[in-house]
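Visitor: here is a sequence together with a model predicted from it:
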Amino acid sequence: MVDAVLFTLAALLVVFAGACAMADSALSRVPRVHVEEFTRDGRRGAKSLAKVINDASHYLNLVLLLRVTAEMTAAVIVAVAAVRIFGLHWPVVVVVSLVMVVVSYVVIGVAPRTIGRQHADGVSLAVAPVVYGLARVLGPLPRLLIAFGNAITPGRGFREGPFTTEAELRDLVDLAEKARVIEHGERQMIHSVFELGDTLVREVMVPRTDIVFIEKTKTLRQAMSLALRSGFSRIPVVGENEDDVVGIVYLRDLAKRIYEYREAETLERVESIMRPPVFVPDSKPIDELLREMQAARNHVAIVVDEYGGTAGLVTIEDILEEIVGEITDEYDLERPRVEPLEDGTVRVTARLSIDELEELFGVQIDRTDHEVETVGGLLAQVLGRVPIPGARAAVAGLELIAEGAAGRRNKIATVLVRRLPEAPEAAAETEHTAAAEPADAPGRGPSRADGGDPAVPSQPAENGAHDAGTPVAAAPRGDGVRR
């Protein structure tokens, strides 16, 4: 009689454990949008389901605790009943263990989870009131157990528990790719979504040195010229200096104002049509910033550091590129890193390292004056401003010419590099001396661009509003930044 009661109790516990597994599977799978629909329709159990989904980790941890408790208790009861009937012999222990493994895997693990996944909506509505009621009865017990487990576990624990963690979801995504359920690119995008919350604005922003600014006192004509030449449709407006960003000027606003009142391009200043800027700290997670930008319908924000200075600029495109990769358009050209040309000039990407440039031309560039790593950064530092197509500079006997555009931002994609001709005084020197000849050697005037204007002015063009004269034909392709 006692043995029959024990086996019956064990069977009931197995069924309960299976129900917990089914509830876990269903609650993990039900879409939030379905829960909202159920709530609007007044479905039975919808309110409880909404509360469970809003704090899913707490309730799922409770369900897991109940399942483990029922499963282990059932195994112990079956073992006790078997020993009472057959005696304490090792074959009995082995058989009972094997039977409970099969029951746990099939009856508790596979079958209920399959039902929960197949009928997630219906099962969730049915079990949510029960789960919610049990949570009110048991209170914070699961969280206390998780806190205790974290305390005795080396390293940093998980506040919400290690169950159904991001790592497990990532593993499921990897398995889905191996099973050809999703493509490789889809897997990468899903992983990128997980990483959004761990990525800070400072990691994706365009640094201050790569931003094209314009002073608020410039005319609309000068702003239009800068927008057309740089290819940027949104340009930060500064007051006294680059830390004093007072607005953002939009190419659309410029074009509209000049179209409506032709004389405005010379009579009105940028500050008359600029829009107020949005400031964000550089320590802000980009997933939060993305939600804020979507809500405010804003596409660009100025990034400030802990001291309130301008650290950079971030656009909604920068954030989206963290998910989908580089966003390009018809203006993008894929070029090799190093491309020799017929006239002896070499076209290199702006991201080519200075070490590679030195090896390519056999020169030595003084790093004490140039604390940069790439050719594009070297050109910008020598110029003292953000280079735009056509800008030139000389360094270590080489002439660097900014060329090309990449993406909507018209950033410098490639740089033409060629050796400068030897000056008469340097002709008798050794090859090494000629290779290291300074750019302002006697007999050779300063490099010029755009019809004779010095490419390296005696004073850097302040705040990036350089050469803002007569507009030239260029395709505006983005915000006032380069990456």
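Guide: It's in.
Visitor: surely residue 174 is in contact with residue 187?
Guide: Yes: counting by Cβ atoms under 8 Å, residue 187 is a contact partner of residue 174 at 6.8 Å. The way it works is simple: take the backbone N, C-alpha and C, and place the C-beta from them, glycine included.
Visitor: those two: who's more crowded?
Guide: The residue with more neighbours, out of residue 174 and residue 187, is residue 187; 17 against 14, by other Cβ atoms under 10 Å.
Visitor: now the nearest residue to the more buried one once chain neighbours are set aside. Its backbone dihedrals?
Guide: Computed as Cβ to Cβ, 6 or more residues apart in numbering, the closest residue to residue 187 that is not its neighbour in sequence is residue 177, at 4.4 Å. Per-residue torsions, residue 177: phi -70, psi -40 (degrees, to the nearest 10).
Visitor: which residues sit in contact with residue 177?
Guide: By Cβ atoms under 8 Å, 6 or more residues apart in numbering, the contact set of residue 177 is 183, 184, 186, 187.
Visitor: out of those, give me the one that has the most neighbours.
Guide: Neighbour counts for the contacts of residue 177 peak at residue 187, which has 17 neighbours (criterion: other Cβ under 10 Å).
Visitor: for that one, which residues are in contact?
Guide: Residues near residue 187 by Cβ under 8 Å, 6+ apart: 173, 174, 176, 177.
Visitor: what helix or strand does it sit in?
Guide: helix 184-196 (DSSP states H and E).
Visitor: what segments of the stretch 251-400 of the chain are helices?
Guide: 251-260, 264-267, 286-296, 316-324, 354-361, 375-383 (DSSP state H, counting those that start in this stretch).
Visitor: and the fifth one, what does it pack against?
Guide: Judged by 3 or more Cβ pairs under 8 Å, 6 or more residues apart in numbering; DSSP states H and E, the packing partners of helix 354-361 are strand 346-349, helix 375-383, strand 414-419.
Visitor: which stretches of the stretch 201-350 of the chain form strands?
Guide: Using DSSP state E, counting those that start in this stretch, the strands found in the stretch 201-350 of the chain span residues 206-207, 214-215, 234-238, 245-250, 279-281, 300-304, 310-315, 338-340, 346-349.
Visitor: per-domain residue ranges of the protein.
Guide: Recorded structural domains for the chain (assignment: the TED database) are 1-152, 166-197, 201-324, 338-419.
Visitor: what about stretch 260-275, how long is it end to end?
Guide: Taking Cα to Cα, to the nearest Å as the measure, stretch 260-275 stretches 18 Å from start to finish.
Visitor: how far does it sit from the chain's center?
Guide: 36 Å (Cα atoms, centre = their mean, to the nearest Å).
Visitor: quick one: pLDDT of residue 180?
Guide: Residue 180 carries a pLDDT value of 83.
Visitor: for it, helix, strand, or coil?
Guide: Residue 180 falls in the coil class when you classify it by DSSP: H, G, I helix; E, B strand; the rest coil.
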